[in-house]
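K.L.:
pasting the structure only:
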(Lines give C-alpha, C1' and ligand atoms only; values in the text may rest on other atoms or scores of the structure.)
Protein backbone atom coordinates (compact mmCIF):
# COMPACT_ATOMS: atom_id res chain seq x y z
CA UNK A 1 0.00 0.00 0.00
CA UNK A 2 1.25 3.46 -0.83
CA UNK A 3 1.37 5.77 2.17
CA UNK A 4 0.98 9.43 1.35
CA UNK A 5 1.86 12.40 3.50
CA UNK A 6 -0.85 15.06 3.86
CA UNK A 7 -0.38 18.67 4.93
CA UNK A 8 -1.80 17.91 8.38
CA UNK A 9 0.83 15.32 9.12
CA UNK A 10 0.77 11.55 9.46
CA UNK A 11 0.52 8.85 6.85
CA UNK A 12 -2.58 8.85 4.72
CA UNK A 13 -3.80 6.00 2.53
CA UNK A 14 -6.09 6.74 -0.39
CA UNK A 15 -8.06 3.96 -2.05
CA UNK A 16 -8.21 5.72 -5.41
CA UNK A 17 -4.41 5.96 -5.47
CA UNK A 18 -4.08 2.22 -4.85
CA UNK A 19 -6.22 1.45 -7.88
CA UNK A 20 -4.39 3.97 -10.05
CA UNK A 21 -1.13 2.22 -9.07
CA UNK A 22 -2.48 -1.03 -10.54
CA UNK A 23 -3.50 -2.88 -7.39
CA UNK A 24 -4.67 -6.44 -8.19
CA UNK A 25 -5.57 -7.74 -4.71
CA UNK A 26 -7.34 -6.13 -1.77
CA UNK A 27 -4.87 -5.40 1.07
CA UNK A 28 -5.51 -7.23 4.32
CA UNK A 29 -6.63 -4.09 6.18
CA UNK A 30 -9.64 -3.78 3.84
CA UNK A 31 -10.80 -7.41 4.05
CA UNK A 32 -13.99 -7.89 6.05
CA UNK A 33 -14.55 -10.97 8.24
CA UNK A 34 -16.53 -13.68 6.41
CA UNK A 35 -19.75 -12.86 8.26
CA UNK A 36 -19.75 -9.28 6.92
CA UNK A 37 -18.66 -9.91 3.33
CA UNK A 38 -21.30 -9.07 0.71
CA UNK A 39 -21.87 -12.59 -0.57
CA UNK A 40 -25.56 -13.20 0.25
CA UNK A 41 -27.14 -10.00 -1.04
CA UNK A 42 -30.46 -9.26 -2.69
CA UNK A 43 -30.42 -7.48 -6.05
CA UNK A 44 -34.16 -7.32 -6.56
CA UNK A 45 -35.52 -4.20 -8.20
CA UNK A 46 -39.20 -5.02 -7.64
CA UNK A 47 -41.07 -2.27 -5.81
CA UNK A 48 -42.28 -4.77 -3.22
CA UNK A 49 -38.68 -5.32 -2.14
CA UNK A 50 -37.63 -1.66 -2.06
CA UNK A 51 -37.93 1.15 0.48
CA UNK A 52 -41.09 3.21 -0.09
CA UNK A 53 -41.06 6.03 -2.63
CA UNK A 54 -43.01 9.07 -1.40
CA UNK A 55 -44.18 11.84 -3.73
CA UNK A 56 -43.94 15.26 -2.07
CA UNK A 57 -45.35 17.25 -5.01
CA UNK A 58 -48.63 17.97 -3.19
CA UNK A 59 -47.05 18.82 0.17
CA UNK A 60 -48.89 22.14 0.47
CA UNK A 61 -52.31 20.78 -0.49
CA UNK A 62 -54.95 18.58 1.10
CA UNK A 63 -52.69 15.60 0.29
CA UNK A 64 -50.56 16.34 3.37
CA UNK A 65 -52.47 13.72 5.38
CA UNK A 66 -51.49 11.09 2.79
CA UNK A 67 -47.86 12.18 3.03
CA UNK A 68 -47.94 12.00 6.83
CA UNK A 69 -49.36 8.49 6.68
CA UNK A 70 -46.81 7.28 4.12
CA UNK A 71 -43.89 8.83 6.00
CA UNK A 72 -45.05 7.37 9.32
CA UNK A 73 -45.45 3.92 7.83
CA UNK A 74 -42.02 4.08 6.20
CA UNK A 75 -40.42 5.21 9.48
CA UNK A 76 -42.02 2.33 11.40
CA UNK A 77 -41.39 -0.42 8.86
CA UNK A 78 -38.14 0.61 7.14
CA UNK A 79 -36.39 3.61 8.70
CA UNK A 80 -35.59 4.66 5.15
CA UNK A 81 -37.53 5.91 2.13
CA UNK A 82 -36.99 7.82 -1.09
CA UNK A 83 -38.66 11.13 -1.92
CA UNK A 84 -39.48 12.45 -5.39
CA UNK A 85 -40.85 15.85 -6.44
CA UNK A 86 -39.15 17.17 -3.32
CA UNK A 87 -38.54 20.71 -4.51
CA UNK A 88 -34.75 20.50 -4.74
CA UNK A 89 -33.76 21.57 -8.29
CA UNK A 90 -32.74 18.52 -10.29
CA UNK A 91 -29.95 20.51 -11.89
CA UNK A 92 -28.46 21.14 -8.44
CA UNK A 93 -28.52 17.40 -7.66
CA UNK A 94 -26.54 16.72 -10.83
CA UNK A 95 -24.15 19.60 -10.15
CA UNK A 96 -23.32 18.21 -6.70
CA UNK A 97 -22.42 14.81 -8.12
CA UNK A 98 -20.51 16.46 -10.96
CA UNK A 99 -18.31 18.68 -8.79
CA UNK A 100 -17.55 15.71 -6.58
CA UNK A 101 -16.46 13.61 -9.54
CA UNK A 102 -14.33 16.44 -10.93
CA UNK A 103 -12.57 16.85 -7.56
CA UNK A 104 -11.70 13.17 -7.37
CA UNK A 105 -10.40 13.31 -10.94
CA UNK A 106 -7.80 15.90 -9.84
CA UNK A 107 -4.17 14.85 -9.32
CA UNK A 108 -3.50 13.34 -5.91
CA UNK A 109 -1.11 16.13 -4.93
CA UNK A 110 -3.87 18.68 -5.46
CA UNK A 111 -6.42 16.69 -3.45
CA UNK A 112 -3.97 16.29 -0.56
CA UNK A 113 -3.91 20.06 -0.12
CA UNK A 114 -7.33 19.56 1.50
CA UNK A 115 -6.44 16.49 3.58
CA UNK A 116 -8.36 15.84 6.79
CA UNK A 117 -6.62 16.30 10.10
CA UNK A 118 -5.12 12.93 10.95
CA UNK A 119 -6.66 11.09 13.92
CA UNK A 120 -9.58 13.48 14.35
CA UNK A 121 -13.15 12.19 14.02
CA UNK A 122 -15.34 13.82 11.36
CA UNK A 123 -12.74 16.46 10.56
CA UNK A 124 -13.30 18.56 7.47
CA UNK A 125 -11.57 17.76 4.21
CA UNK A 126 -10.31 14.92 2.03
CA UNK A 127 -9.92 11.58 3.75
CA UNK A 128 -10.45 7.84 3.82
CA UNK A 129 -10.77 6.84 7.49
CA UNK A 130 -14.21 7.23 9.07
CA UNK A 131 -13.21 6.09 12.57
CA UNK A 132 -10.34 6.93 14.91
CA UNK A 133 -9.78 3.29 15.99
CA UNK A 134 -6.29 2.06 15.16
CA UNK A 135 -7.37 -1.56 14.61
CA UNK A 136 -10.31 -0.83 12.34
CA UNK A 137 -11.00 -2.59 9.07
CA UNK A 138 -10.84 0.11 6.42
CA UNK A 139 -13.62 1.05 4.02
CA UNK A 140 -13.09 0.96 0.25
CA UNK A 141 -13.87 4.66 -0.01
CA UNK A 142 -12.39 8.14 -0.22
CA UNK A 143 -14.45 11.18 0.73
CA UNK A 144 -14.58 14.94 1.19
CA UNK A 145 -16.40 16.14 4.30
CA UNK A 146 -17.78 19.70 4.44
CA UNK A 147 -18.86 21.51 7.62
CA UNK A 148 -21.80 23.59 6.42
CA UNK A 149 -24.02 24.46 9.41
CA UNK A 150 -24.16 26.36 11.65
CA UNK A 151 -22.68 29.17 9.59
CA UNK A 152 -20.10 29.90 12.30
CA UNK A 153 -18.30 26.64 11.43
CA UNK A 154 -18.56 27.08 7.65
CA UNK A 155 -15.31 28.09 5.96
CA UNK A 156 -15.47 27.66 2.17
CA UNK A 157 -11.76 28.48 1.89
CA UNK A 158 -11.16 24.93 3.14
CA UNK A 159 -13.10 23.50 0.22
CA UNK A 160 -11.72 22.77 -3.26
CA UNK A 161 -11.41 25.63 -5.72
CA UNK A 162 -11.73 23.31 -8.72
CA UNK A 163 -14.06 23.24 -10.50
CA UNK A 164 -14.69 27.00 -10.11
CA UNK A 165 -18.36 26.42 -9.18
CA UNK A 166 -17.49 23.99 -6.36
CA UNK A 167 -17.93 26.25 -3.33
CA UNK A 168 -21.02 28.05 -4.59
CA UNK A 169 -22.67 24.73 -5.46
CA UNK A 170 -22.05 23.28 -1.98
CA UNK A 171 -23.50 26.41 -0.34
CA UNK A 172 -26.64 26.26 -2.51
CA UNK A 173 -27.02 22.55 -1.83
CA UNK A 174 -26.62 23.09 1.92
CA UNK A 175 -29.52 25.54 1.94
CA UNK A 176 -31.78 23.19 -0.03
CA UNK A 177 -30.99 20.28 2.30
CA UNK A 178 -31.76 22.46 5.32
CA UNK A 179 -35.18 23.32 3.91
CA UNK A 180 -35.88 19.67 3.09
CA UNK A 181 -34.86 18.61 6.62
CA UNK A 182 -37.19 21.19 8.15
CA UNK A 183 -40.06 20.00 5.96
CA UNK A 184 -39.60 16.30 6.65
CA UNK A 185 -38.89 16.65 10.38
CA UNK A 186 -42.19 18.54 10.64
CA UNK A 187 -43.99 15.68 8.90
CA UNK A 188 -42.21 13.05 11.00
CA UNK A 189 -43.17 14.85 14.22
CA UNK A 190 -46.81 15.18 13.16
CA UNK A 191 -47.01 11.61 11.87
CA UNK A 192 -46.40 10.19 15.35
CA UNK A 193 -48.63 12.69 17.17
CA UNK A 194 -46.01 15.16 18.35
CA UNK A 195 -46.25 18.93 17.81
CA UNK A 196 -45.10 19.99 14.36
CA UNK A 197 -41.95 21.67 15.64
CA UNK A 198 -41.03 19.05 18.27
CA UNK A 199 -37.97 17.45 16.63
CA UNK A 200 -36.67 20.75 15.29
CA UNK A 201 -36.91 22.29 18.76
CA UNK A 202 -35.14 19.43 20.53
CA UNK A 203 -32.37 19.51 17.92
CA UNK A 204 -31.74 23.10 19.06
CA UNK A 205 -29.05 24.51 16.72
CA UNK A 206 -28.71 22.01 13.86
CA UNK A 207 -25.32 20.81 12.70
CA UNK A 208 -25.05 19.88 9.03
CA UNK A 209 -22.20 18.03 7.33
CA UNK A 210 -22.09 17.16 3.64
CA UNK A 211 -19.90 14.22 2.63
CA UNK A 212 -19.10 13.41 -1.00
CA UNK A 213 -17.98 9.79 -1.21
CA UNK A 214 -15.97 8.20 -4.02
CA UNK A 215 -15.93 4.40 -4.23
CA UNK A 216 -13.23 3.25 -6.70
CA UNK A 217 -13.55 -0.03 -8.61
CA UNK A 218 -12.33 -2.93 -6.51
CA UNK A 219 -10.42 -5.99 -7.81
CA UNK A 220 -12.10 -8.24 -5.21
CA UNK A 221 -15.44 -6.64 -4.28
CA UNK A 222 -16.63 -9.82 -2.58
CA UNK A 223 -14.03 -9.32 0.19
CA UNK A 224 -14.61 -5.72 1.22
CA UNK A 225 -17.19 -2.98 1.74
CA UNK A 226 -17.35 0.61 0.62
CA UNK A 227 -18.90 1.49 3.96
CA UNK A 228 -19.29 -0.86 6.90
CA UNK A 229 -22.71 -1.65 8.42
CA UNK A 230 -23.95 1.18 10.63
CA UNK A 231 -26.89 3.42 11.44
CA UNK A 232 -26.43 7.17 11.25
CA UNK A 233 -25.93 8.75 14.65
CA UNK A 234 -27.92 11.98 14.21
CA UNK A 235 -31.47 13.00 13.33
CA UNK A 236 -31.90 12.53 9.58
CA UNK A 237 -29.67 11.92 6.55
CA UNK A 238 -30.22 12.65 2.86
CA UNK A 239 -28.38 10.72 0.15
CA UNK A 240 -28.15 11.15 -3.59
CA UNK A 241 -26.34 8.51 -5.62
CA UNK A 242 -25.35 8.01 -9.23
CA UNK A 243 -26.69 5.30 -11.51
CA UNK A 244 -24.03 2.79 -10.38
CA UNK A 245 -25.71 2.24 -7.03
CA UNK A 246 -24.36 0.34 -4.04
CA UNK A 247 -26.41 1.41 -1.03
CA UNK A 248 -27.85 -1.54 0.89
CA UNK A 249 -30.27 -1.47 3.82
CA UNK A 250 -30.94 -4.23 6.33
CA UNK A 251 -34.57 -5.38 6.41
CA UNK A 252 -35.78 -8.59 7.99
CA UNK A 253 -32.22 -9.87 8.38
CA UNK A 254 -31.44 -9.48 4.67
CA UNK A 255 -29.45 -6.85 2.80
CA UNK A 256 -31.48 -5.11 0.11
CA UNK A 257 -29.84 -3.04 -2.62
CA UNK A 258 -31.60 0.32 -2.96
CA UNK A 259 -32.12 0.90 -6.67
CA UNK A 260 -31.15 4.42 -7.76
CA UNK A 261 -34.11 6.49 -8.97
CA UNK A 262 -33.60 9.47 -11.23
CA UNK A 263 -33.69 12.73 -9.21
CA UNK A 264 -34.82 10.94 -6.03
CA UNK A 265 -33.34 11.59 -2.58
CA UNK A 266 -32.89 8.74 -0.10
CA UNK A 267 -33.97 9.63 3.45
CA UNK A 268 -32.40 7.70 6.38
CA UNK A 269 -33.64 8.07 9.93
CA UNK A 270 -30.85 8.49 12.48
CA UNK A 271 -30.44 7.05 15.97
CA UNK A 272 -31.60 10.20 17.74
CA UNK A 273 -34.95 10.10 15.95
CA UNK A 274 -35.35 6.51 17.15
CA UNK A 275 -34.74 7.71 20.71
CA UNK A 276 -37.07 10.74 20.45
CA UNK A 277 -39.89 8.48 19.19
CA UNK A 278 -39.17 5.96 21.99
CA UNK A 279 -38.38 3.25 19.48
CA UNK A 280 -41.59 3.58 17.45
CA UNK A 281 -39.55 4.79 14.47
CA UNK A 282 -36.32 2.99 13.63
CA UNK A 283 -32.96 4.21 12.41
CA UNK A 284 -31.89 2.11 9.45
CA UNK A 285 -28.78 -0.06 9.42
CA UNK A 286 -27.09 0.29 6.05
CA UNK A 287 -23.83 -0.25 4.21
CA UNK A 288 -22.24 0.33 0.79
CA UNK A 289 -20.99 -2.38 -1.54
CA UNK A 290 -18.50 -1.88 -4.35
CA UNK A 291 -17.93 -3.47 -7.75
CA UNK A 292 -15.04 -4.38 -10.01
CA UNK A 293 -15.93 -2.23 -13.02
CA UNK A 294 -17.22 1.23 -12.14
CA UNK A 295 -16.46 3.96 -9.64
CA UNK A 296 -19.43 5.33 -7.71
CA UNK A 297 -20.24 8.81 -6.39
CA UNK A 298 -22.73 9.60 -3.63
CA UNK A 299 -23.48 12.69 -1.56
CA UNK A 300 -24.73 12.35 2.03
CA UNK A 301 -26.08 15.27 4.05
CA UNK A 302 -26.26 14.79 7.81
CA UNK A 303 -28.65 16.93 9.89
CA UNK A 304 -27.85 16.49 13.55
CA UNK A 305 -28.28 18.03 17.02
CA UNK A 306 -25.60 20.17 18.62
CA UNK A 307 -23.06 18.32 20.78
CA UNK A 308 -24.54 19.79 23.98
CA UNK A 309 -28.09 18.57 23.31
CA UNK A 310 -29.65 16.15 25.81
CA UNK A 311 -31.35 13.28 23.98
CA UNK A 312 -34.25 11.38 25.54
CA UNK A 313 -37.66 9.98 24.50
CA UNK A 314 -40.39 12.56 23.97
CA UNK A 315 -42.49 12.77 27.18
CA UNK A 316 -45.67 12.45 25.08
CA UNK A 317 -44.45 9.03 23.87
CA UNK A 318 -42.92 7.78 27.14
CA UNK A 319 -45.87 7.06 29.42
CA UNK A 320 -46.91 4.56 32.08
CA UNK A 321 -48.29 2.37 29.32
CA UNK A 322 -45.14 2.81 27.22
CA UNK A 323 -42.20 3.49 29.56
CA UNK A 324 -38.99 5.12 28.24
CA UNK A 325 -36.99 2.58 26.27
CA UNK A 326 -33.74 4.57 26.18
CA UNK A 327 -31.60 6.30 28.76
CA UNK A 328 -30.80 9.99 28.42
CA UNK A 329 -27.52 10.81 26.67
CA UNK A 330 -25.59 13.95 25.75
CA UNK A 331 -25.29 13.92 21.98
CA UNK A 332 -21.58 14.80 22.05
CA UNK A 333 -20.90 11.75 24.23
CA UNK A 334 -22.85 9.58 21.80
CA UNK A 335 -20.79 10.88 18.87
CA UNK A 336 -17.50 10.26 20.71
CA UNK A 337 -18.47 6.65 21.45
CA UNK A 338 -19.56 6.09 17.85
CA UNK A 339 -16.23 7.23 16.41
CA UNK A 340 -13.93 5.73 19.04
CA UNK A 341 -15.57 2.31 19.43
CA UNK A 342 -17.06 1.91 15.98
CA UNK A 343 -20.71 1.44 15.04
CA UNK A 344 -20.83 -2.36 14.52
CA UNK A 345 -24.34 -2.08 13.15
CA UNK A 346 -26.55 -0.43 15.79
CA UNK A 347 -24.41 -1.29 18.82
CA UNK A 348 -24.29 2.25 20.18
CA UNK A 349 -28.03 2.85 20.35
CA UNK A 350 -28.61 -0.69 21.62
CA UNK A 351 -26.37 0.12 24.61
CA UNK A 352 -28.74 2.92 25.60
CA UNK A 353 -31.73 0.59 25.84
CA UNK A 354 -33.19 0.57 29.36
CA UNK A 355 -33.14 -3.22 29.52
CA UNK A 356 -29.59 -3.59 28.18
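P.N.:
Yep, that arrived. The model shown is predicted, which means the values in this text are computed figures rather than measured ones.

K.L.:
tell me the mean pLDDT for the helix of greatest length in the chain?
P.N.:
Counting residues, the longest helix in the chain under DSSP state H turns out to be helix 166-191. Here helix 166-191 scores 98 as its mean pLDDT.

K.L.:
Next SSE downstream of that helix?
P.N.:
Going down the chain from helix 166-191, the next helix or strand is helix 198-203, by DSSP states H and E.

K.L.:
Give me the phi and psi for residue 144.
P.N.:
phi -130, psi 120 (degrees, to the nearest 10).

K.L.:
That one is in contact with residue 100, isn't it?
P.N.:
Yes: the criterion here is Cβ atoms under 8 Å, and residue 144 meets it with residue 100 at 7.2 Å. Yep, even glycine has a C-beta here, placed from its N, CA and C like the rest.

K.L.:
Determine the residues that are contacts of both of the two.
P.N.:
Among the neighbours of residue 144, those also in contact with residue 100 (Cβ atoms under 8 Å, 6 or more residues apart in numbering) are residue 212.

K.L.:
Check what pLDDT the closest residue to residue 286 other than its chain neighbours gets.
P.N.:
For residue 286, ignoring the flanking residues on the chain, the nearest one in space by Cβ to Cβ, 6 or more residues apart in numbering is residue 249 at 4.7 Å. You'll see residue 249 listed with a pLDDT of 97.

K.L.:
Tell me which residues touch residue 249, please.
P.N.:
51, 78, 79, 80, 255, 256, 258, 284, 285, 286.

K.L.:
mind redoing it with 10 Å?
P.N.:
Taking Cβ atoms under 10 Å, 6 or more residues apart in numbering, we find residue 249 in contact with 50-51, 78-80, 255-258, 266, 268, 284-287.

K.L.:
what does residue 275 give?
P.N.:
Residue 275 neighbours (Cβ under 10 Å, 6+ apart): 202, 281, 283, 311-314, 324-329, 331, 334, 349, 352-353.

K.L.:
can you confirm it is in a strand?
P.N.:
No: in this structure, residue 275 is helix, not part of a strand, as judged by DSSP: H, G, I helix; E, B strand; the rest coil.

K.L.:
distance of it from residue 326?
P.N.:
5 Å (Cβ to Cβ, to the nearest Å).

K.L.:
Now do the shared contacts for those two.
P.N.:
Residues touching both residue 275 and residue 326 (Cβ under 10 Å, 6+ apart): 311, 312, 313, 349, 352, 353.

K.L.:
Give me the buried subset of these.
P.N.:
With burial judged by 16 or more other Cβ atoms under 10 Å, the buried subset of the shared contacts of residue 275 and residue 326 is 311, 312, 313, 349, 352.

K.L.:
so is the third one in a helix, a strand, or just coil?
P.N.:
Pointing back at residue 313 there. Residue 313 ends up coil, using three-state DSSP.

K.L.:
wait, what's in contact with it?
P.N.:
Contacts of residue 313 by Cβ under 10 Å, 6+ apart are 274-280, 319, 322-328, 354.

K.L.:
again, but for the fourth one
P.N.:
Under the criterion of Cβ under 10 Å, 6+ apart, the neighbours of residue 349 are 231, 233, 270-272, 274-275, 279, 282-283, 326, 329, 334, 338, 343, 356.

K.L.:
Just the buried ones among those residues, please.
P.N.:
231, 233, 270-272, 274-275, 279, 282-283, 326, 329, 334, 338, 343.

K.L.:
For residue 63, state which of those is nearest.
P.N.:
Closest approach between those and residue 63, by Cβ to Cβ: residue 282, at 25.2 Å.

K.L.:
Could you report the neighbour count for the residue nearest to that closest one when sequence neighbours are not counted?
P.N.:
Closest residue to residue 282 apart from its sequence neighbours, by Cβ to Cβ, 6+ apart: residue 79 at 4.1 Å. Residue 79 has 25 neighbouring residues, counting by other Cβ atoms under 10 Å.

K.L.:
Contact partners for residue 79?
P.N.:
Applying Cβ under 10 Å, 6+ apart, the residues near residue 79 are 51, 231-232, 249-251, 267-270, 273-274, 281-286.

K.L.:
measure it to residue 241 for me?
P.N.:
18 Å.

K.L.:
what secondary structure does the most far-flung residue of the chain relative to its centre sit in?
P.N.:
In the chain, the residue that sits farthest from the middle, by Cα atoms, centre = their mean, is residue 320; the gap is 34.6 Å. Recorded secondary structure, residue 320: coil (three-state DSSP).

K.L.:
No more questions from me, cheers.
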